[in-house]
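Visitor: Following is a predicted model, sequence given first.
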Amino acid sequence: MNNIADNKRNGTIDFLKFYFAIIIMLFHSFVIAGEEKSIFQGGALAVEFFFLISGYMLAGSVKRQSDRGLGNNLTIDTIKFVLHKFNGFMPNFWLSMILAFCVYIYRHALSFQSALKDLVNSAFNWVLLTGSGLGSASVISLSWYLSVMMITIMVLYPLLRNNYQMVASISFPVFVLVIGYLYHVSGYLTGVMDWMGIAYKSTLRGFGEMLGGIACYEIAEYLKTFNYSRISKSVLTVIEWIMYLASSVYMYNHPSSRMDFLILFMLMVGVIISTSECSYSGNVFNKFRIFSYLGRLSLSIYLCQECLLHLSNDLKGNYNYWQCLVLYVILTISVSIVVDIMSSWIKKHFTEHWCLSPS
C-alpha cells in the first residue's frame, strides 16, 4: 500500500490496516460456524476503513503531484498512475489468485477441461473488472474491493488532477448523497453483488466512501495547521480510540443494520484524527517498524483468507467452531506471510524495473 499523506508511513494507519484485516478474516468465519454463533458478525463493515484510507491516499498522491508540477497529458498521466497503483499490489493479487484457483480445482476435483473453462469464465476477476458489473468473482470473491478501488481511481484521479479544489469541495456532500441513497434503498451498508439498477452496491459504496476519504484528507490537512496542548492531544487520542473500539464492539456483536451508517461516520472521525498528527497515537506506532510490516501484510491476509477458509471448513470433521477458527487463522496468517515474502521478491527483481511511475 502507498504511504499516507507524505513520504513517511503512518504507523497508526498501518496497525489499523492489520487490525481491520483481521476483523474481516474473523467475520468470514461464519462459513465454518455451522449452527454455532460466529464472532464479528458485522465485521464486513471493516472494509469501510480501507475505502476511506484509499480515498485519503488518492487525494494525498494528487496533491503531492501538484506540488511537484503536473504533466501535460492527463490521459497518459492517468494511465501511468493506475498502472503504478496496480503494480503496488499486483504480485500479491496474482499469487493469491493462483493459490485460490489451485485450491478451487482441488476442492471441486475438476478435470483439466473444467478447470480451463472456469479459468476463462473468471477472466474479468483476474483483471479486476468485476466491480463494473462484468462477469462474477468466482475465484476470489474478495477481490471485489480491489476492483471497486481501481475503477473509482480511474474516475476520480483525472477529475482531481483537472480541478482538485472543485472535487475536494464537493467530496463530502456527494459522499453523503451516495451513502444517503444506500440508507434509503437498502437500509444497511454491507453487500457486494446486490445490483442497484446502475451498479453493484459495493461499487456505489466504494465510490462514495473514497470521496469520504478525500474529505478526510482535506480536514486532516487543515487540522495539521494548529498547535495542540497536551490536554488537547490527550482528549483527541481518547476520542480517536473510542471511535475505533466502539466500532469494533458493534462489529463483534451485531450484523448489518441501519447502525452501519453511524459506524461509518465514527470511522471517518477516527481516520481524520489518526492522519492529522493531533493525537499521541503516532508517538507510539511510528516508533516500531513492526507496524509498517503488519500494514503491508494486511493485503495478503485479505486476499488469501477466502480459499483457506473453505479448506478449513472442509477439514473440520468433528471439530467445533473454535477449533476450526484457530486452524483457519493460523493457516491464513502463515500463508499470507509466505505470499508477502514472494511478492516482495517479485517487486524487487521484476516489477520495480518496468513499472510506470506517476508524473
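Guide: Here it is on my side, so go on.

Visitor: hey, let's count contacts and neighbours off CA atoms from now on
Guide: Will do.

Visitor: per-residue confidence for D194?
Guide: pLDDT recorded at D194 is 89.

Visitor: Around it, how many other residues sit close by?
Guide: By other CA atoms under 10 Å, 13 other residues sit near D194.

Visitor: Report the contact partners of it.
Guide: Y200, K201, S202 (CA atoms under 8 Å, 6 or more residues apart in numbering).

Visitor: now with 10 Å?
Guide: By CA atoms under 10 Å, 6 or more residues apart in numbering, D194 lies in contact with S186, Y200, K201, S202, T203.

Visitor: Kindly reformat those as TSV containing distance to M193.
Guide: Shown next, in TSV, are the contacts of D194 (distance: CA to CA, whole Å):
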residue	distance to M193
S186	13
Y200	6
K201	7
S202	7
T203	9
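
Visitor: Out of these, which sit inside helices?
Guide: Judged by DSSP state H, the contacts of D194 include K201, S202, T203 as members of helices.

Visitor: and of these, the nearest to V339?
Guide: Proximity of the ones in helices among the contacts of D194 to V339 (CA to CA) peaks at S202, which lies at 26.4 Å.

Visitor: does the residue nearest to that closest one when sequence neighbours are not counted sit in a helix, a strand or a coil?
Guide: Closest residue in space to S202, ignoring its immediate chain neighbours: V192 at 4.6 Å, by CA to CA, 6 or more residues apart in numbering. Classification of V192 using DSSP: H, G, I helix; E, B strand; the rest coil returns coil.

Visitor: close enough to count as contact, V192 and S147?
Guide: No: V192 is not in contact with S147 according to CA atoms under 10 Å; the separation is 11.5 Å.

Visitor: Give the residue from the two that has the larger number of neighbours.
Guide: More neighbours surround S147 than the other of V192 and S147, with 24 against 17 (other CA under 10 Å).

Visitor: hang on, isn't I24 packed against G42?
Guide: Yes: counting by CA under 10 Å, I24 does reach G42; the two are 9.0 Å apart.

Visitor: which residues are in contact with both of those two?
Guide: Between them, I24 and G42 share the contacting residues M251, judged by CA under 10 Å, 6+ apart.

Visitor: Alright, calling it a day.
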